[in-house]
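Enquirer: Sequence and predicted structure, then a few things I'm wondering about:
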Amino acid sequence: MRTLRYLRERYVRELPTLFCPGCGNGIILNSFIRAIDQLGIPQDRLLCVSGIGCSAWIPSPYFKGDTLHTTHGRALAFATGAKVYRQDLVTVIFTGDGDGAGIGGNHLIHAARRNIDMTTILVNNMNYGMTGGQLAPTTPYGGPTDTSPYGNPEHPFDLVELVSAAGASYVARWTTYHAVELTRSIMEGIQHKGFSFIEVLSQCPTNQRHIFRIRAPIEELPTRILEMFAESTYIRGRPARTDYFYILPNIPAEEAIKEVNEALGGLEARARLVDHISYGRLIRVDSEEVDRARGILEGLKVTERVLGPLEGKVELGVFVKRERPEFTESLMNIIKRAQGC
Amino acid sequence: MGFISSIAQKEKRFRIEIEEALCKGCLICVYACNKLGGRVLRRSDRRALLGGFYPTLAGDCIGCRWCERLCPDLCISVEEE
Amino acid sequence: MLSPGRHLVLGNVACGEGAIRAGCRFFAGYPITPANEISQYMASELPKVGGFFLQMEDEIASIAAVIGASWAGAKAMTATSGPGFSLMQENIGYAYMTETPCVIVDVQRSGPSTGQPTMPSQQDVYQARYGAHGDYEAIALSPWSVQEMFDLTVRAFNLAERFRVPVLLMADGAIAHIKERLIVPEKVEVLERRRPEGPECTPFGTEDPSGVPEMPLLGEGYRLLITGSSHRPTGRRDDSPRYMRMKVERINEKIRRARREITDIAAHHLEDADLAVVSYGASARPSYSAVKRARSMGIRVGLLRLRTLWPFPEEEVSAISEEVRAILVVEMNIGKMVREVERAARGRAQVVSLPKVGGVLHTSDEILEAIRRLRQ
């Protein structure tokens, strides 16, 4: 099993990175070099293309290989030109939610429609990080940011739906917490012949504390957000547990939990505070007798609403894996046809 | 872990190596270890060069490498003895 | 492709043919009048020579794909008109910063905005020079015939490869859409970009007096750092003033230093002239006939035709301004290159603008009349 020291010395051009302490980009770089190593792809047959933003720095300069750092939102278009002319290069695009689905949205849907053999890793930190935390096409509705101080008036994209509808032939979504599945998905994406799209929910400690209203000292934010990802997601196809639910309190959860514990006194149940991606600070209740616990807490004064186990959670996994004619192959057929006649 | 390999696993001993010049003290490794691993990494009281606090080992590492998986700065390494 | 010898072809087709003969094996474009025939020609002819034609989702993607292909080793081109040319500017700037050889054809149409899509103009000449943000030196060529749509496209590729720079072919809707005789030569001079010999290379820095670094390619093990951000000669990002100044000064100087080699002008009847007409592209055609008619009336006037707009042929215009009393600048816009002529003439000769707006060419009568007015 390769140690991280081996991996960084072989695949990383320079460290430390400029990413903020605890930023998800580092975990994605970690998963990417692991995937490359396990696939055994020679570094000199890899082409990494990125746009503008924090995510763009994952390959450029940090990956020790050919890197093309392009203009904001245009990485996929640059990569298309390079891939068409050098089809032997394993091409991986690193983009962000703003870079890839904001200014670069047009190129994203067209690259997916063409089904060109590339793997796009879209780092979704739900804001424009490098420029200071502005509203992005993926920021949750109502989320406060620098440019939505009164709450985000727009609904975010579902990037998996968007790119699947556009025609991508491998589509997956993971978070930086799910680093093992992410590594495997990057491997699958690269091996897949066609347009592979992997969205990665990623923590941005600097800006997300406003968006998710997490009140904590900055050192605790990376782990709080990672834990929120773990709590607020479920993996498609895996059996979901049902022996728990959430209380959305009408007063701060830190206070409401006292009354919840008292109410649950005699029961075999456990209540604890969690961060939920859609609802903020909640009380999670795990119990052997989940229906009885729910019955008790539903009537409680501090309970505004009881939420089911999967309510408002983000689905993870591989959503699309299909075969479709691949763009560069179609171009080669055109050449055969043109030279045949 | 299969039965046989779990026995072999017990013979192996692991140590944690931190490249302190690269660590930003984000303590994601401590979180990963205590949630997914052997629960032996702790926050030390030594301030990290780049801010935050260095992790420290307070027990026997089981070599699960979760800390390596989630380290954003690629500076923690599980070395076999 | 066309066989060597005489043909009667459309201007745009001649441009496509010139590109292929110059070694272009990658074209990415987006439909826009009046440049479509170039794309159509490339779509049918490039695959025959193992090349690639891509229709992209917009002009921004087109120039992006061209730059990507160039770094993959291709001689690459795109063709558009005013509106598309405006969209391409940021990435053209990226090509200057990363010193990426490529050719951009702007078949100028009458603007601003949507304007008269099928009508010619020369209104984009300043955009060709200053369209992208930042300091850079541009190379822009201006064809006045179907033959030059071929010849100057070939020259554009060679200049791009020689100086590792995007080169602009400033055609227009008239020249693009006329059919004329085209002589396709047996052989065409084809230049290749300087490539590094060994494994070591600084892609964005050089000791060579030309100021043009060797160009490594993707997929050759150089583990390239290519970026539009300010960078060191190795490509590593570095936004310190020192490195940015080195970079910007070099990418400007490498063109200025070669101004004489790049400059390409044609002089007609200037030897004993005391009046001169300066023109370029389509406007030079009625100018040429007006000059000949004026000569037949005993008026000692000559034509200086600019085949290169940028870098501006300052010395040549300055020299003529010492020989003649007045210079008439004939162009299909509201008066743009006339300002460069004025700057070069430094008051030694009267400089008069003869603009043309509305999407039509000057008539030779108009120009002849203007020449006569110069004489009072």
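Expert: All right, it came through fine. Numbers count the residues shown, from 1 in each chain, chains lettered A, B, ... in the order given.
Enquirer: so A:Gly96 bridges to which residues?
Expert: Beta-bridge partners recorded for A:Gly96 (DSSP bridges): A:Val123.
Enquirer: Can you verify C:Asp272 is assigned to a helix?
Expert: No: per DSSP: H, G, I helix; E, B strand; the rest coil, C:Asp272 lies outside any helix segment and is coil.
Enquirer: wait, what's in contact with A:Ala168?
Expert: By C-beta atoms under 8 Å, 6 or more residues apart in numbering or on different chains, the residues touching A:Ala168 are A:Ala112, A:Asn115, A:Gly194, A:Phe195, A:Ser196, A:Phe197, A:Val320. No exception for glycine: its C-beta is placed from N, CA and C like everyone else's.
Enquirer: same question but for C:Ala74, I mixed them up
Expert: Applying C-beta under 8 Å, 6+ apart, the residues contacting C:Ala74 are A:Gly81, A:Tyr85, C:Cys24, C:Arg25, C:Phe26, C:Phe52.
Enquirer: I'd say the third one and C:Ala79 touch.
Expert: No: under the criterion of C-beta atoms under 8 Å, C:Cys24 is not in contact with C:Ala79, lying 10.9 Å apart.
Enquirer: circling back: just the buried residues of the contacts of A:Ala168.
Expert: Neighbour counting with 16 or more other C-beta atoms under 10 Å in any protein chain shown marks A:Ala112, A:Asn115, A:Gly194, A:Phe195, A:Ser196, A:Phe197, A:Val320 as buried within the contacts of A:Ala168.
Enquirer: Okay, and which of these map to helices?
Expert: Counting by DSSP state H, those place A:Ala112 in helices.
Enquirer: Just the ones in strands from the buried ones among the contacts of A:Ala168, please.
Expert: The strands, defined by DSSP state E, take in A:Phe195, A:Ser196, A:Phe197, A:Val320 from the buried ones among the contacts of A:Ala168.
Enquirer: Now tabulate the contacts of C:Ala74 in TSV and tack on distance to chain B, neighbour count and secondary structure.
Expert: What follows is those, written out as TSV (distance: C-beta to the nearest C-beta, whole Å; neighbours: other C-beta atoms under 10 Å in any protein chain shown; DSSP: H, G, I helix; E, B strand; the rest coil):
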residue	distance to chain B	neighbour count	secondary structure
A:Gly81	31	31	helix
A:Tyr85	33	25	helix
C:Cys24	43	25	coil
C:Arg25	40	18	coil
C:Phe26	37	27	strand
C:Phe52	38	23	strand
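Enquirer: possible to save these as JSON lines with pLDDT?
Expert: Output for the contacts of C:Ala74, formatted as JSON lines (pLDDT from 0 to 100):
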{"residue": "A:Gly81", "pLDDT": "98"}
{"residue": "A:Tyr85", "pLDDT": "98"}
{"residue": "C:Cys24", "pLDDT": "98"}
{"residue": "C:Arg25", "pLDDT": "98"}
{"residue": "C:Phe26", "pLDDT": "98"}
{"residue": "C:Phe52", "pLDDT": "98"}
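Enquirer: quick one: which two of these are the most distant?
Expert: A:Gly81 and C:Cys24 (13.2 Å; C-beta to C-beta).
Enquirer: which residues are common contacts for those two?
Expert: C:Ala74, C:Ala76.
Enquirer: What pLDDT does the model give A:Ala111?
Expert: What the model reports for A:Ala111 is a pLDDT of 98.
Enquirer: Apologies, that question was intended for B:Phe3.
Expert: Looking at B:Phe3, the pLDDT reads 54.
Enquirer: All the helices of chain B, residue numbers only.
Expert: For chain B, the helices defined by DSSP H occupy B:3-11, B:28-36, B:66-70.
Enquirer: Compare the mean pLDDT across the ones you listed and name the weakest.
Expert: Ranked by mean pLDDT, the helices of chain B end with helix B:3-11 at the bottom, a mean of 54.
Enquirer: Give me the helices and strands touching the helix or strand bottoming out on mean pLDDT in chain A, please.
Expert: Taking mean pLDDT, DSSP states H and E as the measure, chain A has helix A:205-211 as its least confident helix or strand, at a mean of 91. The contact analysis (3 or more C-beta pairs under 8 Å, 6 or more residues apart in numbering or on different chains; DSSP states H and E) places helix A:205-211 against helix A:221-231.
Enquirer: and the helix or strand just after the helix it packs on, is it in reach of chain B?
Expert: Counting by DSSP states H and E, the next helix or strand C-terminal to helix A:221-231 is strand A:233-235. No: against chain B, strand A:233-235 shows no contacts by C-beta under 8 Å from any C-beta of the partner chain, the least distance being 14.8 Å.
Enquirer: Parallel or antiparallel, which strands does strand A:233-235 pair with?
Expert: Next to strand A:233-235 in the sheet, as set by DSSP bridges, lie strand A:314-321 (parallel).
Enquirer: Please identify the buried residues of the partner strand?
Expert: Under the neighbour-count criterion of 16+ other C-beta under 10 Å, strand A:314-321 has A:Val314, A:Leu316, A:Gly317, A:Val318, A:Phe319, A:Val320 buried.
Enquirer: and what of stretch C:270-285?
Expert: Buried residues in stretch C:270-285, counted by 16+ other C-beta under 10 Å: C:270, C:273, C:275-285.
Enquirer: now the helix of greatest length in chain C: mean pLDDT?
Expert: Secondary structure assigned by DSSP H gives helix C:146-163 as the longest helix of chain C. Computed over helix C:146-163, the mean pLDDT rounds to 98.
Enquirer: picking up where we left off before, just give me how far the least confident helix or strand of chain A sits from the chain centre.
Expert: 15 Å (C-alpha atoms, centre = their mean, to the nearest Å).
Enquirer: can you check stretch C:365-376 too?
Expert: 29 Å.
Enquirer: Tell me which residues are up against that stretch.
Expert: With contacts defined as C-beta under 8 Å, 6+ apart, stretch C:365-376 is touched by C:275, C:277, C:286-287, C:290-291, C:293-294, C:299, C:301, C:325-326, C:328, C:330, C:350, C:352, C:354.
Enquirer: Give me the buried entries from these.
Expert: Buried members of the contacts of stretch C:365-376, counted by 16+ other C-beta under 10 Å: C:275, C:277, C:286-287, C:290-291, C:293-294, C:299, C:301, C:326, C:328, C:330, C:352, C:354.
Enquirer: Among the residues you listed, which are located in strands?
Expert: Cross-referencing the buried ones among the contacts of stretch C:365-376 against strands under DSSP E gives C:Leu275, C:Val277, C:Val301, C:Ala326, C:Leu328, C:Val330, C:Val352, C:Leu354.
Enquirer: give me the beta-bridge partners of the first one?
Expert: To tie it back to what came earlier, the one meant is C:Leu275. Beta bridges link C:Leu275 to C:Val301, C:Ala326 when assigned by DSSP bridges.
Enquirer: Hmm, A:Gly98 and A:Ala56 touching each other?
Expert: No: using C-beta under 8 Å, A:Ala56 makes no contact with A:Gly98, being 10.8 Å away.
Enquirer: ok, those two, which is more surrounded?
Expert: Shown here are A:Ala56 and A:Gly98; by other C-beta atoms under 10 Å in any protein chain shown, A:Gly98 has more neighbours (31 against 27).
Enquirer: doesn't A:Asn124 make contact with that one?
Expert: No: between A:Gly98 and A:Asn124 there is no contact under C-beta under 8 Å: 9.6 Å.
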